[in-house]
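>>> structure here, sequence nowhere to be found:
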């Protein structure tokens, strides 16, 4: 008790002092595809980061013709996707073999996700509101705290400016229809951006379940289509003061309805919202101060179309972050504080319905000669399980011809979810956070024709939370070893562009008992994507192959999911400088496969899209 009190007592005045400093304002730097923010919480050249990073910008999103976030992320090195059926069905993302809740998700710096399940409803996040996505792989708890065991994914929403007007209409297989509208106003001193979209599909049969006994999948046989619809809106605005300070705000809302196969409930209404404000200042030369505050909501109401019964799970997360950055000579010093408040509301009576977390973090990065070093440390004080300290050390060296080599080590932890801690009859309030120690080495280079990178990592995870069949309660009993290699190359010459990602992973259960040495579920040993594009003056064509080796769907490795490779064909015709027609043949050879047992993936689909963007 005394240690818990002393940590919190120390953090409160730090946060108060930081907030006062942050109320002085700052210049917001523009970010291009050569820069990244998420890796160090500061602006940095992509080639200078001492970590493995992937950036997906707005041009990449539009060229991919992806409809959903999981379609966009599929094939990114080190990322595995598992979706329980078609569009809108529950989706899990695994980074470097970690659990699906070992990734921290941010929208413009604000944490998102359900506090009951521990993961966000990724299938409902609209792509039309996204300007840029930064994916940082590896432990990042020393800067971000809980959840960032396997990595951090930050989504940056679109920013207006000028007469930026856009329209997109898509139609295609499985009764898919989509409409997206956008309008920007203002200039570099004041701007407003509004985006709205609606996606609707008749869907496919989400589950090929087997009734009990023997049971499997959704434990029912309902051979019907499971439709999905999603309506979203995003509003962003900003103002640059005369002294260079900026104030930005955004609000996003996505409302969806999805049907699914179940013997009890078979429809859900979902609402995902996020809103935030950011104030940035440079009080003196070399000193940059940022204050961010926001809230995210995750609301889910499930019901049966034939029975008068509902199931309600709502959660909210309040985030306040302050940070100061000082640049002096070859060094960069960062200090800051985070406050997080999680709340759960449900028709199930949780033992506790809220908790808060207060944290302080610091980082010092400096260079000497051809070398760079970065230290980071963080102390989290959680209302439920006390204090947790994490740290990281990274070193890099610039070799000949611009090759950057780096090595790092970092500790991380994952806070138990509300379901694991407080769900009546099936929880354990004495759970400790899951912990990991990750080491990584890597090489990267930017050349006139493109970029390449390769990295190797090892993560030893302790106190993994697993369901104990003897007590029917979650316990800190498991261990895991995650070892992997990943690489990417992007080459461009004239009208041609070639890209390749490839990842190898050994995700092994190291806990004592029957499953020791077995593979963790839903992690393929091999995965990647190959793509080729040709871009002419008015015509663009491309093809991609996404592949994954076989994997298992259970800890006992008794249910095997076969490997697969799918081919996508794409084309685009620029009718004018403002208008483009796109076509996409997804899964061209109609490959049948599953990423979760008895939940079929989408077969062959064809889509046509009309895009219009008024020139500024």
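Sure, I can see it. This is a predicted model, so every value here is computed, not measured. Numbers count the residues shown, from 1 in each chain.
>>> which parts of the stretch 301-450 of the chain are helices?
418-422 (DSSP state H, counting those that start in this stretch).
>>> scratch that, the chain
Counting by DSSP state H, the chain has helices at residues 2-22, 58-64, 69-73, 141-144, 418-422.
>>> out of those helices, which gets the lowest mean score?
When the helices of the chain are compared on mean pLDDT, helix 2-22 scores lowest, with a mean of 42.
>>> can you list the weak-confidence ranges in the stretch 351-500 of the chain?
Within the stretch 351-500 of the chain, the stretches with pLDDT under 70 are 467-472.
>>> what about 90?
351-353, 369, 383-386, 400-402, 415-432, 464-478 (pLDDT under 90).
>>> all strands of it, in order?
Applying DSSP state E, counting those that start in this stretch to the stretch 351-500 of the chain gives strands spanning 354-368, 371-382, 386-398, 404-414, 434-447, 450-468, 473-493, 496-509.
>>> which residue lies nearest the spatial centre of the chain?
The centre of the chain sits closest to residue 153, judged by C-alpha atoms, centre = their mean, with a distance of 3.6 Å.
>>> list the residues that contact residue 135.
Counting by C-beta atoms under 8 Å, 6 or more residues apart in numbering, residue 135 touches 53-56, 73, 76, 79, 95, 151-153. (Glycine included, C-beta is placed from N, CA and C.)
>>> how much space separates it from residue 525?
21 Å (C-beta to C-beta, to the nearest Å).
>>> thinking again about what came up before, just grab the bridge partners of the residue nearest to the centre of the chain for me.
residue 105, residue 135 (DSSP bridges).
>>> and for the one 4 residues further on?
Judged by DSSP bridges, the bridge partners of residue 157 are residue 130.
>>> that one: how many residues sit nearby?
Using other C-beta atoms under 10 Å, residue 157 has 21 other residues around it.
>>> in contact with it, which residues?
If you count contacts by C-beta under 8 Å, 6+ apart, then residue 157 has 107-108, 129-131, 193, 234, 236, 250, 252 around it.
>>> check contacts around the closest residue to residue 477 other than its chain neighbours.
Distances taken as C-beta to C-beta, 6 or more residues apart in numbering place residue 466 nearest to residue 477, at 5.3 Å, with adjacent residues excluded. Going by C-beta under 8 Å, 6+ apart, residue 466 touches 474-475, 477-478, 511.
>>> now stretch 197-216: buried residues?
197-209 (16 or more other C-beta atoms under 10 Å).
>>> what residues of stretch 439-455 count as buried?
440, 442, 444-446, 451-455.
>>> for the nearest residue to residue 526 once chain neighbours are set aside, grab phi and psi.
Counting by C-beta to C-beta, 6+ apart, residue 526 lies nearest to residue 549, which is 4.1 Å off, once chain neighbours are set aside. For residue 549, the backbone dihedrals are phi -80, psi 180 (criterion: degrees, to the nearest 10).
>>> hmm, residue 523 and residue 549 touching each other?
No - counting by C-beta atoms under 8 Å, residue 549 stays clear of residue 523, with 10.0 Å between them.
>>> between the two, which is the more surrounded one?
Taking neighbours as other C-beta under 10 Å, residue 549 and residue 523 compare with residue 523 leading, 24 against 17.
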